[in-house]
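[1] Next input, structure requested:
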Amino acid sequence: ISFANYHPSDAYRYWNGMGIDVKSSRLSNYRTNGYKGSWNGYNETTIDVEQAGAIAPDSNIRTYIGKSDITGMVNSLAAAVGQNVVDVLSLSWGQSEAQVAYEIKQGVTPAKYNQIMNLLFEQAAAQGISVFAASGDNGAYDGISSGNTSLSVDTPANSPYVTAVGGTTLPRTYTVNKQTVKIEKERAWASEFLYPNYKSQKFLGFEDWVETFFAGGGGGFSKYNAVPKYQSGFSGIGTYDATRLWSFKNGKAKLLDTPVNISGKSKGRNVPDLSANADPNTGYSIFITPKKDSSATGEWEISGGTSVVAPQIAAASILMSNNSAGRLGFWNPQIYRFASQSNSPFTVLDSRTNNTNLYYTGQPGKRYNQATGLGTADFSKLDKLFNS
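    Numbers count the residues shown, from 1 in each chain. Okay, the predicted model is just below:
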């Protein structure tokens, strides 16, 4: 599901450049309500198609392109679910629950938007369509780019019928304020350890500042959806450990001199469900040409975000379904059951320190946390469990 055009030739040039052999007829577009498309955010669509197609090179990819608004989202989802031709659905676009609440108050968004989305995703689950959604790229403060400073999660990743995909960062050595900082093991994606470098940095504006200081994998508690049955009673669900790095007053953010450690309980659907590397600093290559000239030389760039990971895991689901009798269906009831077993396919990132999404951290000894969900997956193990 996307809201911007893309150049199909970029995707083919990417796969060719990566040495991935694909058929020439694998791509198709569905223009929701006849929408001709916009080029705003076309890099997002490009990333989705390239990453999904690289992981599952024999798959067909159908892109639903609609207006970048509530109507476009609902109608594109309704089309995809109603046509029932896709086995897996990936969504990298979304907005914070905080922003949705504001728009409902303003009369811009229908009051029953959340219920409408859940009904569509429930229908997808009933049809065996696996749905994956990016959890957002601003850590626990999903609405901050719109000026909302409260803790918030992203929709549609908040839906109980969607597999929400969060972000991690990989081991790497950085120079921070002329000192060497080593990330020794995979952890939740955030860049608080780079803050000393950012303090003297000049920014192009508020958006640039947010993208720098508030880069991280989305996660937390939904205010719109209750804890689903598959999460109820699971180790770590409904409890949290957190480190408060920021204070907010009159909409302005201030970095605390001394971070405050917090533990507690909270209600609502816990987000995300699982995570994978999403940090642009340990990210992925993409190939892209200018908006209006697909014949141009183009550029190889490095990208990241949970919007990279969602199509990757959607594609992995397709690969695993090749070994089964058909669609894998709705993942969540299955993966939480797998995660509770002794042969769990998940590596839990439960460290309390150096493991934050700008608020939530790991919960030592527990199998779930709101920074990375169940953790990272061993897809060989996951494949065997799905197909056993």
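
[2] ok, and the closest non-adjacent residue to the residue nearest in space to the middle of the chain?
    Per C-alpha atoms, centre = their mean, the C-alpha nearest to the average position across the chain is that of residue 134, at 2.0 Å. Leaving out its chain neighbours, the residue that sits closest to residue 134 by C-beta to C-beta, 6 or more residues apart in numbering is residue 306, at 3.8 Å. Every residue, glycine included, has its C-beta placed from N, CA and C.

[3] List the contacts of that neighbour.
    With contact taken as C-beta atoms under 8 Å, 6 or more residues apart in numbering, residue 306 is in contact with 92, 134-137, 165-167, 217-218, 272, 278.

[4] Roughly how far does it sit from residue 341?
    Counting by C-beta to C-beta, to the nearest Å, the separation of residue 306 from residue 341 is 26 Å.

[5] next one: residue 249
    From residue 249 across to residue 341, the span is 46 Å (C-beta to C-beta).

[6] From residue 171, how far off is the residue of the chain positioned farthest from its centre?
    For the chain, the C-alpha lying farthest from the average C-alpha position belongs to residue 178; by C-alpha atoms, centre = their mean, that distance is 32.4 Å. Distance, residue 178 to residue 171, using C-beta to C-beta: 21 Å.

[7] Please apply the same query to residue 278.
    For residue 278, the distance to residue 171 under the criterion C-beta to C-beta works out to 15 Å.

[8] now swap in residue 306 and tell me
    Distance, residue 306 to residue 171, using C-beta to C-beta: 19 Å.

[9] Could you pull up the residues touching the spatially closest residue to residue 225 that is not a sequence neighbour?
    With C-beta to C-beta, 6+ apart as the measure, residue 269 is the residue that lies nearest to residue 225, at 4.1 Å, once sequence neighbours are left out. Contacts were defined as C-beta under 8 Å, 6+ apart; by that measure residue 269 touches 158-160, 221-222, 225-228, 231.

[10] In strands, which of those residues appear?
    Those of the contacts of residue 269 mapping onto strands are residue 221, per DSSP state E.

[11] between the contacts of residue 269, which is closest to residue 261?
    residue 221 (18.3 Å; C-beta to C-beta).

[12] How many neighbouring residues does the nearest residue to that closest one once chain neighbours are set aside have?
    With sequence-adjacent residues excluded and distances taken as C-beta to C-beta, 6+ apart, residue 221 is closest to residue 268, at 4.0 Å. Residues contacting residue 268 under the criterion other C-beta atoms under 10 Å number 17.

[13] all helices of the protein, in order?
    Residue ranges of the helices in the chain, as given by DSSP state H, are 8-17, 42-55, 70-83, 97-105, 113-126, 195-198, 206-213, 306-321, 332-339, 379-386.
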